[in-house]
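Peer 1: pasting a predicted model and its sequence here:
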Amino acid sequence: MRKILLGALALVALPSSANAAAFVNGGFESGVAIGSTGFNTLTNGSTAITGWTVTGDSIDYVGNYWQAGEGSRSIDLSGVGPGGIMQTFDTIVGVTYNVRFLLAGNPDGGPTTKVMSTVASGNLPQISSFNIANSTRSDMKWVPVTYSFVAGADTTTLAFTSGTQTAFGAALDGVSVTAVPEPATWAMMLFGFGAIGGVLRRSRKTGSARAYA
């Protein structure tokens with residue numbers, strides 16, 4: 001019985017499997033080569049950044065032009081004018097997801113406060129802002145931000161949009177999407193607990209039979 005219990009408990013600890021269309025490239029490291037200026041301006045409809053589609057007017061796909069939040073690439077959500085990016089990925093209806101990302105702002109020009117919107121399809125948007133007063137290209141002062149949403153369908157579109165009406169927008173990097181808790185983990189836990197319950201019931205029945213023997 002001890003071995004069976006340990007085996008059932010081990011099922012709880014199994015890692016969750018990845019979705020077929022999982023969220024990808026949250027650090028923007030995979031994409032078209034960046035030119036000698038240190039950034040590429042990408043216009044509406046561009047898919048030059050792996051997994052993402054450009055929305056609005058345009059964005060800047062930034063390389064060594066300034067300090068990235070993580071890795072070596074990041075995004076200015078305003079290119080020539082205010083733009084954005086979006087990605088569609090698999091979700092499970094009714095499950096809550098946390099979106100975490102790093103926020104800064106283009107320090108080259110005004111306004112001092114950069115504004116951006118984060119929204120997942122079927123949910124309300126979240127407005128975030130960043131003040132560039134103490135930031136420079138070599139020290140962008142990236143800050144972590146969290147946005148939560150509840151999936152209303154088996155796919156969700158996540159969008160980040162500039163709210164700054166100039167070519168100097170909010171900067172974005174290090175995006176991640178995590179279920180709370182991960183659905184596969186819950187499934188394994190329920191299966192494991194069910195197996196334990198079955199073992200205990202069989203054990204009680206066996207004990208009762210022996211008592212009457």
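Peer 2: The structure has been received and is ready for your questions.

Peer 1: what ranges do the strands span in this protein?
Peer 2: Ranges of strands in the chain, per DSSP state E, are 39-43, 53-56, 58-62, 74-76, 83-90, 96-105, 113-120, 126-131, 143-150, 155-162, 170-180.

Peer 1: just name the most buried of those strands.
Peer 2: Ranked by mean neighbour count under mean count of other CB atoms under 10 Å, these are led by strand 74-76, which reaches a mean of 28. Every residue, glycine included, has its C-beta placed from N, CA and C.

Peer 1: does anything pack onto it? Which helices or strands?
Peer 2: Counting contacts by 3 or more CB pairs under 8 Å, 6 or more residues apart in numbering; DSSP states H and E, strand 74-76 is packed against strand 58-62, strand 170-180.

Peer 1: distance between that strand and the chain's centre?
Peer 2: 15 Å (CA atoms, centre = their mean, to the nearest Å).

Peer 1: and the helices and strands packed on strand 74-76 as JSON lines, adding distance to Thr41 and mean pLDDT?
Peer 2: As requested, the helices and strands packed on strand 74-76 are exported to JSON lines (distance: least, CB to CB, whole Å; pLDDT from 0 to 100):
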{"stretch": "strand 58-62", "distance to Thr41": "5", "mean pLDDT": "98"}
{"stretch": "strand 170-180", "distance to Thr41": "14", "mean pLDDT": "98"}
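
Peer 1: include distance to Lys141 when you put these into CSV, please.
Peer 2: Formatted as CSV, the helices and strands packed on strand 74-76 follow (distance: least, CB to CB, whole Å):
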stretch, distance to Lys141
strand 58-62, 15
strand 170-180, 10
